[in-house]
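J.: fold the following.
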Amino acid sequence: MGSAIVWLFNTIIGLLIMLIFVRAIVSWLVQFDIINTRNRVVGQILMMLERLTDPVLNPIARVLPSIGGIDISPIVAWLALKVIQILFNVYLAGPLVAALG
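T.: You can find the predicted model right below:
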């Protein structure tokens, strides 16, 4: 049971990091007019990515200023999520697996 919780936590963090990375790439593609947001499928994908990543990125973007028009909140979010994942795995995963079996 404990190892399933650890796996689930690590999987969710990994998926969130991947979604943040995809959103950053897609936003660059939109800015350089490589993909068109007027396309319905592209618009829906962007909306889904925003809804999934905004709860993580918006608080960081409010605190950090953009540097030369570049939003660095995805980089900060990625680093923060990796730190949380490492701390969880080092300090909580072992005792959790041992306690829950």
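J.: can you report how many residues lie near A93?
T.: By other Cβ atoms under 10 Å, 19 other residues sit near A93. Bear in mind the C-beta positions are built from the backbone N, C-alpha and C, glycine included.
J.: just the buried positions in stretch 49-63, please.
T.: Neighbour-count burial for stretch 49-63, counted by 16 or more other Cβ atoms under 10 Å, picks out L49, L52, T53, V56, L57, I60, A61.
J.: close enough to count as contact, the first one and V22?
T.: It stands for L49. Yes - judged on Cβ atoms under 8 Å, L49 makes contact with V22 at a distance of 6.4 Å.
J.: measure G14 to T53 for me?
T.: Distance of G14 to T53, given as Cβ to Cβ, to the nearest Å: 14 Å.
J.: tell me the mean pLDDT over the helix or strand in which G94 is found?
T.: In this assignment (DSSP states H and E), G94 forms part of helix 94-100. The pLDDT scores in helix 94-100 average 77.
J.: which neighbouring elements make contact with the helix ranked longest in the chain?
T.: Ranked by residue count under DSSP state H, the longest helix found in the chain is helix 2-31. Under the contact definition 3 or more Cβ pairs under 8 Å, 6 or more residues apart in numbering; DSSP states H and E, helix 2-31 sits against helix 40-63, helix 73-87, helix 94-100.
J.: can I get those helices in JSON lines with distance to V26?
T.: Output for the helices and strands packed on helix 2-31, formatted as JSON lines (distance: least, Cβ to Cβ, whole Å):
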{"stretch": "helix 40-63", "distance to V26": "6"}
{"stretch": "helix 73-87", "distance to V26": "11"}
{"stretch": "helix 94-100", "distance to V26": "35"}
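J.: weakest of those in terms of mean pLDDT?
T.: helix 94-100 (a mean of 77).
J.: what residues of that helix count as buried?
T.: L96.
J.: which helices and strands does it pack with?
T.: Packed next to helix 94-100, using 3+ Cβ pairs under 8 Å, 6+ apart, are helix 2-31.
J.: taking helix 73-87 as reference, get the angle to the helix it packs on.
T.: Helix 2-31 and helix 73-87 are oriented at 170 degrees to each other (axes from the mean of the first three to the mean of the last three Cα atoms, to 10 degrees).
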